[in-house]
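Chemist: quick one: sequence plus predicted model below, questions after.
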Amino acid sequence: MAVKAIGTWVGGFYQTGRRDVGSWSSGAGAAARPNWRLEVSRAEGRLECAGVCVKPVEDVKSVEDEDLSSACPSSEVAGGAGNGGAEEQPRRLNRDLPKPLSLTDLTVSSHGSNVRVAYQGSPGAFSEAAALKAYPQCVAVPCEQFEVAFKAVELWLVDKAVLPIENSVGGSIHRNYDLLLCHRLHIVGEVQMAVNHCLMALPGVQKEELKRILSHPQALAQCEIALGKLGVIRETVDDTALAAQLVASNGLKDAGAIASARAAEIYGLKIVDETIQDTSENITRFLILAREPIIPRTDRPFKTSVVFTLEEGPGVLFKALAVFAVRSINLTKIESRPQRKRPLRVVDDSNYGTAKYFDYLFYIDFEASMAEPRAQNALAHLQSCRVLIIGYDLGS
Ligand SMILES: O=C(O)C(=O)C[C@]1(C(=O)O)C=C[C@@H](O)C=C1
């Protein structure tokens, strides 16, 4: 096969096998939400990641407030019971001592209690709902940008990240495709979620009074028809919940926000229209990312993700995809992105001299586990087409 490939990256992840679609609910995990978010700052071109705590200072008890005498009874300081003929007092040695860890403390339950999950956006964002759908008892940790969520996992600040990768109306979230290659995280699962957009405004403001609408670019793209009818100015912000927060905290009477019903509740806005997305079935697929890969199995449905490049030439992509087709492996997604490090390829063209072509990375999701010989053979076949494997993720 006249195929020359430059790189392949493989990720395997468990698939539920059913159409796993849910919508926002303020589940048990909502109570565990922290009142802080991860922020990123760019200092001298470096990306810094830090947990910023905004817990009220009144919660911090000063040492002077403590009753030190009760914390350290004089009888114990002076030698304890039986000292100096005083009447024996029951000793309270266990008081205030740290409780030893038990096996239960070490167990992270299957529904995700104790798990800290990063998502991009503010509390009330759809991504927070996706994190809670993936791990209902988790502590969902808001991050300002996708990069911060990636870094937070890498730096052990959180255990997992749940990030959007594509939407049934708006298409792929290219940034996350690119970031997957810049970070050493593994795809360990996915969650799909129905996204119902609400139009909200300050209480007392009517829909007709709105001159501009704030939201995440994906949300604006998913509500194109409704926005066209309203004839408003669109303003993009980092996430849908932030849009609601900005309208509320700045008292913007001429502005509305597109966000979740949960965001309206959190930020005290009134919903002026519901389900305003272009199609009622508006589904976003989120990837679950972790530091460790999952171990591929054959007893339940698995998906595997690969990324590779191909040499210029007729039919090269056709031949690469044939390695899956001949083994009846179903492809669920194909995405191409320009190669950032090598965006152009120069080739000889006898008629017109030197020609320049854009150079692409191809991302493919297929329905098979790397524990299955047909998947191993398909990738071996892809390599024989001079596709080079640069990463290999065999899930947990
Ligand atoms: O802004 C939010 O609420 C998000 O969670 C982000 C996001 C996205 O990036 O696609 C998630 C789901 C919806 O598709 C719209 C926006």
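Modeler: Arrived safely. Because the structure is a prediction, the values reported are computed rather than measured.

Chemist: tell me which element the closest residue to Ala368 other than its chain neighbours falls in.
Modeler: Leaving out its chain neighbours, the residue that sits closest to Ala368 by Cβ to Cβ, 6 or more residues apart in numbering is Ala375, at 4.0 Å. Using the backbone N, CA and C atoms, a C-beta is placed for each residue, glycine as well. Ala375 is part of helix 373-384 when elements are defined by DSSP states H and E.

Chemist: what's the neighbour count on Asp254?
Modeler: By the criterion of other Cβ atoms under 10 Å, Asp254 has 14 neighbours.

Chemist: distance of it relative to the ligand?
Modeler: Distance from Asp254 to the ligand, counting by Cβ to the nearest ligand atom, to the nearest Å: 22 Å.

Chemist: that residue touches Ile213, doesn't it?
Modeler: No - under the criterion of Cβ atoms under 8 Å, Asp254 makes no contact with Ile213, lying 10.3 Å away.

Chemist: what does the strand or helix carrying Leu180 contact?
Modeler: If you go by DSSP H and E, Leu180 is part of helix 174-182. With contacts defined as Cβ atoms under 8 Å, 6 or more residues apart in numbering, helix 174-182 is touched by 9, 11, 146-147, 150, 163-165, 187, 287, 307, 335, 337, 340, 361, 363.

Chemist: past it, which element shows up next along the chain?
Modeler: Using DSSP H and E, the helix or strand that follows helix 174-182 towards the C-terminus is strand 186-194.

Chemist: helices and strands around that following strand, which ones?
Modeler: Applying 3 or more Cβ pairs under 8 Å, 6 or more residues apart in numbering; DSSP states H and E, one finds that strand 186-194 contacts strand 8-14, strand 21-22, helix 126-134, strand 160-167, strand 283-290.

Chemist: deepest-packed of these, please.
Modeler: Of all these, helix 126-134 has the most neighbours on average by mean count of other Cβ atoms under 10 Å, namely a mean of 28.

Chemist: could you chop this protein up by domain?
Modeler: Annotated domains of the chain cover 8-12+300-392, 21-46+109-193, 198-279 [automatic domain parsing].

Chemist: in TSV: the helices and strands packed on strand 186-194, plus mean pLDDT.
Modeler: Shown next, in TSV, are the helices and strands packed on strand 186-194 (pLDDT from 0 to 100):
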stretch	mean pLDDT
strand 8-14	46
strand 21-22	30
helix 126-134	98
strand 160-167	96
strand 283-290	96
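
Chemist: now distance to the ligand too, for those, in JSON lines please.
Modeler: Converted to JSON lines, the helices and strands packed on strand 186-194 look like this (distance: least, Cβ to the nearest ligand atom, whole Å):
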{"stretch": "strand 8-14", "distance to the ligand": "19"}
{"stretch": "strand 21-22", "distance to the ligand": "13"}
{"stretch": "helix 126-134", "distance to the ligand": "3"}
{"stretch": "strand 160-167", "distance to the ligand": "4"}
{"stretch": "strand 283-290", "distance to the ligand": "4"}
